[in-house]
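*Asks:* Sharing a sequence plus its predicted fold:
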Amino acid sequence: MSTFACALSGQTTIPDPVALPTGEICSKKLLLQKLLETSNYNPFHPSSQLDESNLVSLTSTNEILPPRTSNQNSIPSLLTTLSNEYDALVLELFDTRKALEETRKELSHALYQNDAAVRVIARVVMERDMARRELANVSANINGNLSAKAKADANVNADADADDTSNGKEQTAAELGNKRKRVEEPADPSGDATVSASVGGIPETIKKELKQKWSDLSSSRKAKTKATEGYATTDDISSFSALKKSYHKTSAKGIIAMVGDGNAQDGKIVTSSTDKNMTLYDWKEGKVLSHMNPKDVAGGGELLHCVGETIAMVGTDGALRIFVDGKVIAPVEGLKLKDVVGVKVHPTGKHVFVAEMSGSIHLFEVDVDNGTMVEAAVWNGAEGEDKSCTAIGLHPDGLILAIGRENGKIGLWDLNTEKLATTLAGSSSSTIATIGFSEKGVHLAAVDADGTIAVWDLRKQKSITSISVPEGVGCVSFCPIGKYFAYGTTNGDVVVTVVKDWEKKMVLSDGKGKVTGLVWGKEAKNIAASQSTSRMVKFWGN
C-alpha cells in the first residue's frame, strides 16, 4: 500500500499513485475520471491539457533499512585508522621537506650567481677607474713634457739675445730650479711620482696636535694605570674558560686580524676575516655595532689598527682603507703603497702612520667632516741604516714611533724633533716581526722571526727578559695597567705571564690555529682571542 497522499481526494494511502508533470501526486483512477469530466484539461492547471501518457506511476515500500555498520567500533580499527593517517601525514611532510630542500638549492645557486656577477662588475669598475687614472697621468706627463720643451726653447732664445750681465741671474734661476726639483722628487727610489706629498718634515699644525695629545695623555696616564681592588689576580686568570661568539659569515675560514681597546668605557673590538668583511663589536654592550665591507681582508695582524672611532686597514692588495664611525674615508687619488709592514692610528684619531719595507714612513691626515684624507708627510725611517723596515709600533702617548728592522734592531723616532732618539739592539739579529707597547709606556715587547720575545725597559733602554717560543708567536698584548703580558702562539695557545715575574705562566688553550689577535678586558677580568682557522672570537673569563 502506498503512503503517498492524493492531491485530489486528500487520502493518505492510495493504491495507484501517479505523478503529474506539474509535480502533483494523486490517485490514477480519480485523475482519469477528472480528465473525462474536464475534457483532458489539467485539474490543477486548467489552462493546460493533460494526457494519460504524461503520467508517471509511483511505487513505495514500507521496509525500514537498518543503519550502516561502522568499521571503527573497536580499538584495533581505530588504531589502524590512526596509523594510516600518520603514514599519510609523514609522507606529506617528507614531500614538503624535499620540495623545501630543492628550493633552498635553487636559491643558493641564484645567490651564488648574483654574488659572482657583483664581483665581476666590481672588478670591471676597478679596472676602468685604474685605466682612467693611468690615462690622466699619461696625459699630464705629455702636457708637462711639451710645456717643459717649449719653456726650454724659450730660454735658449732668451740666452742668445741676453747680454753678459744677465748670466748671474740665469745661474740663480737654474739653481732654484734644481732645488725645487730635489724637493719634488719622490721618496721612493723607483721614481713613482703619482703621489704628491710633502717629503720630509711633519707640518707644524699637525705636530702641534700631536704634542697637545701627548700632553693630555701623559698627565692622566698614572691615574689610569693604577690597579684597583677588583683587578684580576693570577688565580682568576688561571681559572678562565672560553665563551665562543661568531660575528662573521659561515664562509669565513678564519680571522686574520683583531684589534681593540677593551679597557675603554666604550671598548670595541674590530675583526677582519677571510670573508672580506670587518665587524665592529661593542664589548660593554655585548652586541655587534656594524659590519663593514672593505672588499678585502687585512694583509696581516699588523695591518689593522683602531683608536676610538677610527679604523685603518691595509688589505692584501696594498690599498689603505680608513673608516671613521663606520663611514668610508675617500682614499688619496693615485696613492701607491708597496710592501706595507705596519699601520698605526695615532691617539688623535685623525692621523695614521703607514710603514713600507723600503723604510718609507707615510703620515696621513683624516678630514672627518669631508670624508677625505691627505698624505701630510713622507720620510725615510731607515735613515742611517742599511736595513729594511719590518714592523712598527706607536707609543700610547703618541710621540714615539718604534721601527723594527730585519737586522733585529729597533729604532725609536721622536716625532717632535723628527730625529732618531735611540736604537735598541739585543742579542738576536733575526727580523723583527711584531712590536707592542705597554699602556704605561714603560715596556716594549718585540717578537722576532725565530719566535723569541724580547721585553725592553724604555727607562733604562735595557732588555729585561727574553722568552723563547719554538712554535712561533702570532701576537702580543699587555694588560691595561701593564701588570700582565700575554702572547698567542701559532698552535692556538694563549700564554699569560706576570710582568717582573716572567717565570710564572698561565696557559689558556682551546683549539688549534695561529692566534691572530689579543684584546684585554677591563681590569684584566677577561681577554678576547682570535685564530686564523676559526671565525669564532673566544672570550676568556669567569
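*Replies:* Happy to help now that I have it.

*Asks:* Neighbours of Pro347, how many?
*Replies:* 20 (other C-beta atoms under 10 Å). Using the backbone N, CA and C atoms, a C-beta is placed for each residue, glycine as well.

*Asks:* Let me fix that, I meant to ask about Thr417.
*Replies:* Neighbours around Thr417, by other C-beta under 10 Å: 10.

*Asks:* again with Asp115
*Replies:* 11.

*Asks:* Then Asp282?
*Replies:* By other C-beta under 10 Å, 14 other residues sit near Asp282.

*Asks:* Surely it and Lys268 touch.
*Replies:* Yes: judged on C-beta atoms under 8 Å, Asp282 makes contact with Lys268 at a distance of 5.9 Å.

*Asks:* Common neighbours of those two, please.
*Replies:* Leu289 (C-beta atoms under 8 Å, 6 or more residues apart in numbering).

*Asks:* how far away is Lys208 from Trp214?
*Replies:* 11 Å (C-beta to C-beta, to the nearest Å).

*Asks:* Ok, Val473 next?
*Replies:* 30 Å.

*Asks:* Give me the more crowded residue out of the two.
*Replies:* Val473 (25 against 21).

*Asks:* Skip the chain neighbours and tell me the closest residue to the more buried one.
*Replies:* Using C-beta to C-beta, 6 or more residues apart in numbering and skipping residues adjacent in sequence, the residue nearest Val473 is Val447, 4.7 Å away.

*Asks:* what's the answer for Val56, then?
*Replies:* Val56 sits nearest to Ala19 (C-beta to C-beta, 6+ apart), 4.5 Å away.

*Asks:* wouldn't that neighbour be in contact with Thr59 here?
*Replies:* No: checked against C-beta under 8 Å, the pair Ala19 and Thr59 is beyond contact range at 11.2 Å.

*Asks:* of the two, who's got more company?
*Replies:* Ala19 (15 against 7).

*Asks:* Contacts only, for the nearest residue to Gly342 once chain neighbours are set aside.
*Replies:* In space, and not counting its chain neighbours, Gly342 is closest to Ile392: 3.7 Å by C-beta to C-beta, 6+ apart. Contact partners of Ile392, counting by C-beta under 8 Å, 6+ apart, are 302, 341-342, 344, 353, 355, 361, 381, 401-404, 435.

*Asks:* which of the residues you listed tops the neighbour count?
*Replies:* Highest neighbour count within the contacts of Ile392, by other C-beta under 10 Å: Gly404, with 29 neighbours.

*Asks:* For it, which non-adjacent residue is closest in space?
*Replies:* Ile432 is the one closest to Gly404 (C-beta to C-beta, 6+ apart), at 2.9 Å.

*Asks:* Before we go further, Pro470 is sitting in a strand, right?
*Replies:* No: applying DSSP: H, G, I helix; E, B strand; the rest coil, one finds Pro470 to be coil, outside a strand.

*Asks:* wouldn't it be in contact with Thr489 here?
*Replies:* No: under the criterion of C-beta under 8 Å, Pro470 makes no contact with Thr489, lying 9.3 Å away.

*Asks:* Among these two, which residue is more densely surrounded?
*Replies:* Thr489 (20 against 9).

*Asks:* Next one: the more buried one from Ala99, what distance?
*Replies:* For Thr489, the distance to Ala99 - C-beta to C-beta - is 49 Å.

*Asks:* For the helix or strand containing Leu36, which outside residues touch it?
*Replies:* Element membership for Leu36, per DSSP states H and E: helix 28-37. Residues outside helix 28-37 that contact it (C-beta under 8 Å, 6+ apart) are 6, 8-9, 16-18, 20, 41, 43, 50, 52, 55, 57.

*Asks:* quick one: the strands in the stretch 201-350 of the chain?
*Replies:* In the stretch 201-350 of the chain, the segments counted as strands under DSSP state E, counting those that start in this stretch are 241-246, 255-260, 268-273, 278-282, 287-292, 304-307, 310-314, 320-324, 327-328, 340-345.

*Asks:* The last one: how far from the chain's middle?
*Replies:* To tie it back to what came earlier, the one meant is strand 340-345. In terms of C-alpha atoms, centre = their mean, to the nearest Å, the centre of strand 340-345 is found 19 Å from the chain centre.

*Asks:* please renumber so the chain begins at 29
*Replies:* Shifting the count to begin at 29 puts that one at strand 368-373.

*Asks:* what packs against that strand?
*Replies:* In terms of contacts (3 or more C-beta pairs under 8 Å, 6 or more residues apart in numbering; DSSP states H and E), strand 368-373 is packed against strand 332-335, strand 338-342, strand 379-384, strand 417-422.

*Asks:* Quickly run through the sheet partners of the third one, with directions.
*Replies:* Partners of strand 379-384 in the sheet, by DSSP bridges, are strand 368-373 (antiparallel), strand 388-395 (antiparallel).

*Asks:* what does it contact?
*Replies:* Outside strand 379-384, the residues within contact range by C-beta under 8 Å, 6+ apart are 234, 237-238, 338, 340, 342, 348, 350, 365-374, 389-394, 401, 404, 409, 417, 419-420, 422, 429, 431.

*Asks:* which ones are touching the residue nearest to Val84?
*Replies:* Taking C-beta under 8 Å, 6+ apart as the test, what Ala47 contacts is Ile53, Leu83, Val84, Leu86.

*Asks:* rerun at 6 Å
*Replies:* Shown in contact with Ala47 (C-beta atoms under 6 Å, 6 or more residues apart in numbering): Ile53, Val84, Leu86.

*Asks:* Most neighbours out of the residues you listed, which is it?
*Replies:* Most neighbours among the contacts of Ala47, by other C-beta under 10 Å: Ile53, with 18 neighbours.

*Asks:* For it, which residues are in contact?
*Replies:* For Ile53, the contact set (C-beta under 6 Å, 6+ apart) comprises Phe32, Ala35, Pro45, Ala47.

*Asks:* And for Ala514?
*Replies:* Residues near Ala514 by C-beta under 6 Å, 6+ apart: Ser505, Val524, Leu546.

*Asks:* The second one contacts Ile265, doesn't it?
*Replies:* Yes: counting by C-beta atoms under 6 Å, Val524 touches Ile265, with 5.5 Å between them.

*Asks:* mind listing the helices in the stretch 79-228 of the chain by residue range?
*Replies:* 103-189, 195-212 (DSSP state H, counting those that start in this stretch).

*Asks:* least reliable of these going by mean pLDDT?
*Replies:* Lowest mean pLDDT within the helices of the stretch 79-228 of the chain: helix 195-212, a mean of 38.
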